[in-house]
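Colleague: sequence unavailable; structure follows:
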């Protein structure tokens, strides 16, 4: 039986993806206990030192909490609109969600881009985000983000 070269090439290209669910599960367990889900929309404007602002929604223990985002970055230039969604880990008390989060990440957006960010706060809460951005921005930066629950 003769196997198509395209089929072999596709199988070789896709082989590394076969283990992705197991790797994702292992990564999730190293982050802690999943405890909620977030969606965020924010904008970043940077000229060396930048500013980030926006809003988000947290689903935690069958309740929805709205929050605002303020923050900044260093070593970035440009503007981007970002939509993000992800998982919150190690959150047991809603008050622990508020506060300052830090991450070190990079972003290159020229038209549209995708990425991932891991945020950590001093209460041990971690937020793993998948992002989708539009605009024009280049960043290789330490970033801080303050989350405040809306009353």
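Modeller: Structure's in. What do you need? Every value quoted in this text rests on a predicted model; they were computed, and no experiment measured them. Numbers count the residues shown, from 1 in each chain.
Colleague: in three-state terms, label residue 30 for me.
Modeller: Secondary structure for residue 30, judged by DSSP: H, G, I helix; E, B strand; the rest coil, is helix.
Colleague: could you report the neighbour count for it?
Modeller: Residue 30 has 9 neighbours, counted by other C-beta atoms under 10 Å. Every C-beta, even on glycine, is put in place using the N, C-alpha and C of the backbone.
Colleague: tell me how far residue 52 lies from residue 70.
Modeller: Residue 52 is 7 Å from residue 70, where distance means C-beta to C-beta, to the nearest Å.
Colleague: if you could redo that for residue 93, that was the one I meant.
Modeller: For residue 93, the distance to residue 70 (C-beta to C-beta) stands at 22 Å.
Colleague: so between these two, which is more surrounded?
Modeller: With neighbours defined as other C-beta under 10 Å, residue 93 and residue 70 compare such that residue 70 has more, 15 against 9.
Colleague: okay, and the beta partners of the more buried one?
Modeller: The partner list for residue 70 in beta bridges (DSSP bridges) reads residue 53, residue 146.
Colleague: equivalent analysis for residue 119, please.
Modeller: Bridge pairing for residue 119 - DSSP bridges - gives residue 127.
Colleague: quick one, what contacts it?
Modeller: 101-103, 126-129, 145 (C-beta atoms under 8 Å, 6 or more residues apart in numbering).
Colleague: switch the cut-off to 6 Å
Modeller: 101, 103, 127 (C-beta atoms under 6 Å, 6 or more residues apart in numbering).
Colleague: wait, the last one sits on residue 88?
Modeller: Yes. Counting by C-beta atoms under 6 Å, a contact exists between residue 127 and residue 88, whose distance comes to 5.4 Å.
Colleague: so for the two, which sits in the more crowded spot?
Modeller: residue 127 (27 against 23).
Colleague: done for today, thanks.
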